[in-house]
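Asks: quick one, structure for this:
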Amino acid sequence: MAVNDLNPVFHRLRARLQSIAYSMLGCVADAEDVVQDVWLRWHGAEQSVIHNVEAWLVTATTRASIDRLRALKARREQYVGMWLPEPILGDAPDTPEQLQERSSELSVALLSLLERLSPDARAAFVLREAFDVGYPEIAEIIEKNEATVRQIVHRAKAQLREEQPRYAVSHESHVRIVTRFAEAMAKGEFKLMRSLLAEQAQLIGDGGGHVLSFPKPLLGGQRIAQLFYASNLRFKGDLGVELATVNGELAILRYIGNQLESVQSFETDGERVLSCLIQRNPEKLAATAARLGVGLYTQP
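Replies: Numbering: from 1, shown residues only. Just a heads-up that it's a prediction; the model follows:
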């Protein structure tokens, strides 16, 4: 294949490769680095021996992501406070490739849980559950036999359920609860916020050592509602709330003045909020703020 013919083929598949890498790493910049490395490797490969371009690129991207994740895990052990993935602000997809990418988006909550898995187990789970790759193909990608891959995926599912039981919640129910919570937050209605939070709800915040955040989960619906209410009292009219699609789910963008202060994702059981995942790390909010055309609020 001529060099000029490589560009359109890679461009057609790039969104899928980027999505795989991000699902593995939880960081847009790292995912982009992986995909760029794969492009360079493919550009220099002997094209005549590549019979299935997509399979080659998916395999190369997954293996490169596994290697990158192993390196990142060592760094994340030294991370200040609790680690949450970088949120991705959604918009309306307008191409088949973008539609395919959106269909495989993993929520912030699930990406956080995937940090518990080994790199190989995460790759097998992501490829199977998010991208519907067959077990034989996954076995070839991660260089294990099919029976082992099936066992890896089964154990990964069991581990994730044990870490945090997940509920089958309809899109409509999630939207309804998050919308009501956003309204209560915007108006500073303590009782409504409290009623929408489960008794054993938890709040996890990621400040990355750059802004203040909790070093461990804040537990209890009462305490979490008090925290949100305290922000209303502190900032009053400067506090703004906006709904947005983040990682495929409805989430809340919170502003102080005209500056983005946090991206807030939620897990629910269909009736109450179970988890509030608050991203405040300026490094992980920079891309979102740039897309929105606003500054970042980085004060404590």
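
Asks: quick one: secondary structure of residue 201?
Replies: Following DSSP: H, G, I helix; E, B strand; the rest coil, we place residue 201 in the strand state.

Asks: ok, it to residue 19 distance?
Replies: 30 Å (CB to CB, to the nearest Å). C-beta here means a position set from N, CA and C on the backbone, and glycine is covered the same way.

Asks: secondary structure element holding residue 82?
Replies: Using DSSP states H and E, residue 82 falls within no helix or strand.

Asks: quick one: it from residue 20, how far?
Replies: In terms of CB to CB, residue 82 sits 25 Å off from residue 20.

Asks: tell me which of the two has more neighbours.
Replies: Set residue 82 next to residue 20 and count neighbours by other CB atoms under 10 Å: residue 20 wins out with 27 against 18.

Asks: so what's the more buried one up against?
Replies: When contacts are counted by CB atoms under 8 Å, 6 or more residues apart in numbering, residue 20 touches 58, 61, 62, 65, 126, 127, 131.

Asks: farthest-separated two in these?
Replies: For those, with distances taken as CB to CB, the pair at the greatest spread is 65 and 131 (12.4 Å).

Asks: more crowded one of the two?
Replies: Shown here are residue 65 and residue 131; by other CB under 10 Å, residue 65 has more neighbours (27 against 18).

Asks: how close does that one sit to residue 7?
Replies: With CB to CB as the criterion, residue 65 and residue 7 are 22 Å apart.

Asks: can I get the contacts of residue 20 in CSV with secondary structure, distance to residue 264 and pLDDT?
Replies: Formatted as CSV, the contacts of residue 20 follow (DSSP: H, G, I helix; E, B strand; the rest coil; distance: CB to CB, whole Å; pLDDT from 0 to 100):
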residue, secondary structure, distance to residue 264, pLDDT
58, helix, 33, 95
61, helix, 30, 97
62, helix, 31, 98
65, helix, 27, 98
126, helix, 24, 97
127, helix, 29, 97
131, coil, 27, 95
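
Asks: can you put these in a markdown table and add distance to residue 138?
Replies: Formatted as a markdown table, those follow (distance: CB to CB, whole Å):
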| residue | distance to residue 138 |
| --- | --- |
| 58 | 10 |
| 61 | 13 |
| 62 | 9 |
| 65 | 13 |
| 126 | 10 |
| 127 | 5 |
| 131 | 10 |
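
Asks: name the nearest residue to residue 283, ignoring sequence neighbours.
Replies: residue 208 (6.0 Å; CB to CB, 6 or more residues apart in numbering).

Asks: distance check, the one you found against residue 191.
Replies: Residue 208 is 33 Å from residue 191, by CB to CB.

Asks: how about the contacts made by the residue positioned nearest the centre of the chain?
Replies: The centroid of the chain falls nearest to residue 108 when counting by CA atoms, centre = their mean (3.7 Å). Neighbouring residues of residue 108 by CB under 8 Å, 6+ apart: 84, 85, 87, 246, 247, 249, 251, 265, 277, 279.

Asks: now do the contacts for the residue nearest to residue 291 when sequence neighbours are not counted.
Replies: Closest residue to residue 291 apart from its sequence neighbours, by CB to CB, 6+ apart: residue 89 at 5.6 Å. Shown in contact with residue 89 (CB under 8 Å, 6+ apart): 244, 245, 246, 263, 287, 288, 291, 292.

Asks: which one of these is nearest to residue 220?
Replies: Nearest to residue 220, judged by CB to CB, of those is residue 263 at 22.6 Å.
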